[in-house]
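Structure here, sequence nowhere to be found:
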């Protein structure tokens, strides 16, 4: 099959160049070489944090591993905002972000949890870790194909960074309080939490995304739970993060059951 002359120039086999077509609303197509630097730097930082979490877990530094996952979440939340603020969105950036998320919020949490305590359960432990990992892959793939057809106000299924936060917070709390030494049932509880987080990612439960929240003015009553959460986090950071993550994860199924019950009674 013949190719246009510029296609041969773009792919000589001697460079590492990225060539990307941008389609405009007017129907015109523009070809760009290279990638946007700033948003992809944040994505790379998130990927590095997830990789650091894996390396730390392999070395037995589980608290550092958990913190690496949280840092990855911070960078992941910034790259998209930076791209929108600087008008530097691209198809390459979206694909790179998805692959970074798979490492930081799919592979890393599963391996960190397995290295911390799931290995005590033998084959059952690594199966639980794999269930979480493959659920994150399904969640990200579904998000990519449904990005333009779903309501932006909601996530369909628990977002992978939130699921990773639950797993990482469990590890952090367990290490900080030396739970493995004091309680024999911790690996079983950790397996249940890991698998539950995976199933919530691939579920059709709706979670509010806060993307269209009016940040300038909120009802006064909203400040009360915010102050309560802030106090819990300040009292004990890992327990506070775990509590907030579990509360958010549980809110979706509770709301779904409530809406179904209310619909039947109506």
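Received, thanks. Model, not experiment: these values are computed from the prediction.

So what touches the helix or strand containing residue 130?
Counting by DSSP states H and E, the element that carries residue 130 is helix 123-145. With contact meaning Cβ atoms under 8 Å, 6 or more residues apart in numbering, helix 123-145 is reached by 94, 98, 101-102, 105-107, 109-111, 113-114, 117-119, 121, 156-160, 163-164, 167, 187, 191, 194-195, 197-199, 201-202. Heads up, the C-betas are built off the backbone N, CA and C, glycines and all.

which ones among these are found in helices?
94, 98, 101-102, 109-111, 113-114, 160, 163-164, 167, 187, 191, 194-195, 197-199, 201-202 (DSSP state H).

Just the buried ones out of these, please.
Using 16 or more other Cβ atoms under 10 Å as the burial test, the ones in helices among the contacts of helix 123-145 include 98, 101-102, 109-111, 113-114, 160, 163-164, 167, 187, 191, 194-195, 197-199, 201-202 as buried.

Poorly predicted segments of this protein, please.
1-36, 211-223, 225, 264-266 (pLDDT under 70).

So which residues of it form strands?
Secondary structure of the chain by DSSP state E: the strands cover 19-23, 29-33, 154-156, 206-208.

ok, residue 73 - how many residues close by?
By other Cβ atoms under 10 Å, the residues close to residue 73 number 23.

how far away is it from residue 171?
14 Å (Cβ to Cβ, to the nearest Å).

and if you look at residue 45?
Taking Cβ to Cβ, one finds residue 45 at 21 Å from residue 171.

I'd like to know which elements the longest helix anywhere in the chain is packed against.
Across the chain, the longest stretch assigned as helix under DSSP H is helix 237-265. On a contact count with 3 or more Cβ pairs under 8 Å, 6 or more residues apart in numbering; DSSP states H and E, helix 237-265 meets helix 160-176, helix 186-202, strand 206-208, helix 223-235.
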